[in-house]
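> Based on what follows, work out the 3D shape:
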Amino acid sequence: MKKIFWFLPVIIFSCTKQPVHPPVGSVLSQKDLQVSKDRSRSLYELERKQITDWIAQQNKKYYVNGLGYWIDKDLSQNLKRKDGERLSYQYEIYDFDRVKIYDEPKTAKDVYLGKFEDLKAVDDALRYLKPGEEATLLVPSLLAYGTYGDNDKIPNDMPLIIKLTVTH
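This is a model prediction of the structure:
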(Lines give C-alpha, C1' and ligand atoms only; values in the text may rest on other atoms or scores of the structure.)
Protein backbone atom coordinates (compact mmCIF):
# COMPACT_ATOMS: atom_id res chain seq x y z
CA MET A 1 0.00 0.00 0.00
CA LYS A 2 2.85 2.42 0.82
CA LYS A 3 4.31 1.82 -2.64
CA ILE A 4 1.07 2.99 -4.26
CA PHE A 5 1.07 6.28 -2.30
CA TRP A 6 4.69 6.90 -3.26
CA PHE A 7 4.10 6.02 -6.89
CA LEU A 8 0.90 8.07 -7.31
CA PRO A 9 2.57 11.54 -6.93
CA VAL A 10 5.30 10.46 -9.36
CA ILE A 11 2.67 9.64 -11.98
CA ILE A 12 0.73 12.86 -11.38
CA PHE A 13 3.75 15.15 -11.56
CA SER A 14 5.28 13.39 -14.54
CA CYS A 15 2.04 13.86 -16.49
CA THR A 16 1.84 17.61 -15.93
CA LYS A 17 3.06 19.69 -18.81
CA GLN A 18 6.54 21.02 -18.10
CA PRO A 19 7.75 24.19 -19.83
CA VAL A 20 10.22 23.69 -22.64
CA HIS A 21 13.39 25.76 -22.44
CA PRO A 22 15.26 26.22 -25.70
CA PRO A 23 19.04 25.88 -25.75
CA VAL A 24 21.15 28.94 -25.04
CA GLY A 25 21.56 31.03 -28.15
CA SER A 26 18.41 29.84 -29.91
CA VAL A 27 15.75 32.20 -31.24
CA LEU A 28 12.57 32.64 -29.20
CA SER A 29 9.14 33.65 -30.45
CA GLN A 30 7.46 36.78 -29.11
CA LYS A 31 5.19 34.59 -26.97
CA ASP A 32 8.19 32.73 -25.51
CA LEU A 33 9.93 36.03 -24.81
CA GLN A 34 6.84 37.33 -23.00
CA VAL A 35 6.57 34.13 -20.93
CA SER A 36 10.24 34.46 -19.99
CA LYS A 37 9.83 38.14 -19.13
CA ASP A 38 6.75 37.44 -16.98
CA ARG A 39 8.57 34.59 -15.19
CA SER A 40 11.57 36.83 -14.47
CA ARG A 41 9.36 39.64 -13.15
CA SER A 42 7.42 37.25 -10.93
CA LEU A 43 10.60 35.62 -9.60
CA TYR A 44 12.18 39.02 -8.93
CA GLU A 45 9.12 40.19 -6.97
CA LEU A 46 9.13 36.98 -4.91
CA GLU A 47 12.86 37.27 -4.15
CA ARG A 48 12.50 40.97 -3.37
CA LYS A 49 9.91 40.14 -0.72
CA GLN A 50 12.04 37.30 0.67
CA ILE A 51 15.09 39.56 0.88
CA THR A 52 13.20 42.42 2.54
CA ASP A 53 11.78 39.94 5.07
CA TRP A 54 15.33 38.68 5.70
CA ILE A 55 16.60 42.26 6.14
CA ALA A 56 13.86 42.96 8.70
CA GLN A 57 15.40 40.25 10.91
CA GLN A 58 18.92 41.71 10.77
CA ASN A 59 20.67 44.19 13.06
CA LYS A 60 22.19 45.97 10.08
CA LYS A 61 20.70 48.55 7.73
CA TYR A 62 20.65 47.81 4.01
CA TYR A 63 20.00 50.27 1.20
CA VAL A 64 18.30 49.26 -2.02
CA ASN A 65 19.66 50.89 -5.14
CA GLY A 66 18.35 51.54 -8.61
CA LEU A 67 19.85 48.39 -10.09
CA GLY A 68 17.80 46.26 -7.67
CA TYR A 69 20.25 44.85 -5.12
CA TRP A 70 20.77 45.86 -1.49
CA ILE A 71 24.03 47.02 0.08
CA ASP A 72 24.97 47.70 3.71
CA LYS A 73 26.51 51.09 2.87
CA ASP A 74 24.84 54.34 1.93
CA LEU A 75 26.63 55.06 -1.32
CA SER A 76 24.55 58.09 -2.26
CA GLN A 77 27.36 60.49 -1.27
CA ASN A 78 30.19 58.54 -2.96
CA LEU A 79 31.45 59.57 -6.37
CA LYS A 80 30.96 57.05 -9.15
CA ARG A 81 34.17 55.71 -10.68
CA LYS A 82 34.45 55.92 -14.43
CA ASP A 83 35.28 53.23 -16.96
CA GLY A 84 39.00 52.72 -17.30
CA GLU A 85 39.88 53.19 -13.61
CA ARG A 86 42.06 50.36 -12.32
CA LEU A 87 41.27 48.42 -9.18
CA SER A 88 41.61 45.08 -7.42
CA TYR A 89 38.90 43.34 -5.43
CA GLN A 90 37.71 40.09 -3.99
CA TYR A 91 34.42 38.67 -2.82
CA GLU A 92 32.96 35.68 -1.08
CA ILE A 93 29.58 34.21 -1.98
CA TYR A 94 27.02 32.94 0.54
CA ASP A 95 23.45 31.71 0.38
CA PHE A 96 20.79 33.29 2.60
CA ASP A 97 21.42 30.68 5.30
CA ARG A 98 24.91 32.26 5.47
CA VAL A 99 26.54 29.12 4.14
CA LYS A 100 29.69 29.93 2.18
CA ILE A 101 29.37 28.49 -1.32
CA TYR A 102 33.02 28.53 -2.41
CA ASP A 103 35.97 27.99 -0.07
CA GLU A 104 38.18 30.53 -1.83
CA PRO A 105 37.10 34.10 -2.61
CA LYS A 106 36.83 35.22 -6.20
CA THR A 107 39.61 37.73 -6.84
CA ALA A 108 40.52 40.17 -9.58
CA LYS A 109 43.77 42.13 -9.62
CA ASP A 110 44.49 45.29 -11.53
CA VAL A 111 41.40 45.19 -13.72
CA TYR A 112 39.92 48.17 -15.49
CA LEU A 113 36.31 49.16 -14.86
CA GLY A 114 34.25 48.60 -17.97
CA LYS A 115 36.79 46.11 -19.35
CA PHE A 116 35.90 43.02 -17.31
CA GLU A 117 32.77 40.98 -16.85
CA ASP A 118 31.46 40.17 -13.40
CA LEU A 119 28.10 40.04 -11.72
CA LYS A 120 26.11 43.22 -12.43
CA ALA A 121 25.71 43.99 -8.73
CA VAL A 122 29.46 43.56 -8.07
CA ASP A 123 30.36 45.76 -11.03
CA ASP A 124 27.94 48.45 -9.86
CA ALA A 125 29.09 48.40 -6.21
CA LEU A 126 32.76 48.57 -7.26
CA ARG A 127 32.06 51.87 -8.95
CA TYR A 128 31.16 53.46 -5.59
CA LEU A 129 33.42 51.73 -3.05
CA LYS A 130 36.79 53.17 -2.10
CA PRO A 131 40.04 51.16 -1.78
CA GLY A 132 40.03 49.22 1.48
CA GLU A 133 36.26 49.49 1.83
CA GLU A 134 34.08 46.42 2.38
CA ALA A 135 30.39 45.94 1.69
CA THR A 136 27.79 43.21 1.87
CA LEU A 137 25.48 42.91 -1.13
CA LEU A 138 22.12 41.11 -1.16
CA VAL A 139 21.60 40.10 -4.76
CA PRO A 140 18.44 38.68 -6.36
CA SER A 141 19.12 35.78 -8.73
CA LEU A 142 18.33 37.91 -11.77
CA LEU A 143 21.44 40.04 -10.99
CA ALA A 144 23.48 37.03 -9.89
CA TYR A 145 23.67 33.83 -11.95
CA GLY A 146 20.06 33.90 -13.16
CA THR A 147 18.17 30.99 -14.62
CA TYR A 148 21.28 28.96 -15.45
CA GLY A 149 23.35 29.13 -12.27
CA ASP A 150 27.13 29.06 -12.57
CA ASN A 151 27.28 25.45 -13.82
CA ASP A 152 29.10 24.48 -10.63
CA LYS A 153 27.89 25.06 -7.07
CA ILE A 154 25.31 27.81 -7.60
CA PRO A 155 22.00 26.49 -8.91
CA ASN A 156 19.56 28.40 -11.06
CA ASP A 157 17.39 31.13 -9.53
CA MET A 158 19.44 31.48 -6.34
CA PRO A 159 19.71 34.89 -4.63
CA LEU A 160 23.11 35.49 -3.03
CA ILE A 161 24.89 37.35 -0.26
CA ILE A 162 28.19 38.72 -1.51
CA LYS A 163 30.87 40.09 0.80
CA LEU A 164 32.90 42.44 -1.37
CA THR A 165 36.25 44.09 -0.56
CA VAL A 166 38.07 46.61 -2.73
CA THR A 167 41.72 45.79 -2.09
CA HIS A 168 43.35 48.44 -4.32
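> biggest helix in this structure, by residue count?
If you go by DSSP state H, the chain has its longest helix at helix 30-56.
> After that helix, which helix or strand is next? Please name it.
Scanning forward in sequence from helix 30-56 by DSSP states H and E, the next helix or strand is strand 63-64.
> and the longest helix of the chain, average pLDDT?
For helix 30-56, the mean per-residue pLDDT is 88.
> Which of the residues in that helix are classified as buried?
When burial is assessed from 16 or more other C-beta atoms under 10 Å, helix 30-56 yields the following buried residues: 43-44, 47-48, 51. From N, CA and C alone the C-beta is placed, and that goes for glycine too.
> Switch the residues you listed over to a markdown table; also include distance to residue 68.
Shown next, in a markdown table, are the buried residues of helix 30-56 (distance: C-beta to C-beta, whole Å):
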| residue | distance to residue 68 |
| --- | --- |
| 43 | 12 |
| 44 | 7 |
| 47 | 10 |
| 48 | 8 |
| 51 | 10 |
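> between these, which is closest to residue 79?
Residue 79 lies nearest to residue 51 out of the buried residues of helix 30-56, by C-beta to C-beta, at 27.1 Å.
> tell me the phi and psi of the residue nearest to that closest one when sequence neighbours are not counted?
Nearest residue to residue 51, sequence neighbours excluded (C-beta to C-beta, 6 or more residues apart in numbering): residue 138, at 5.3 Å. Backbone torsions for residue 138, taken as degrees, to the nearest 10, come to phi -110, psi 110.
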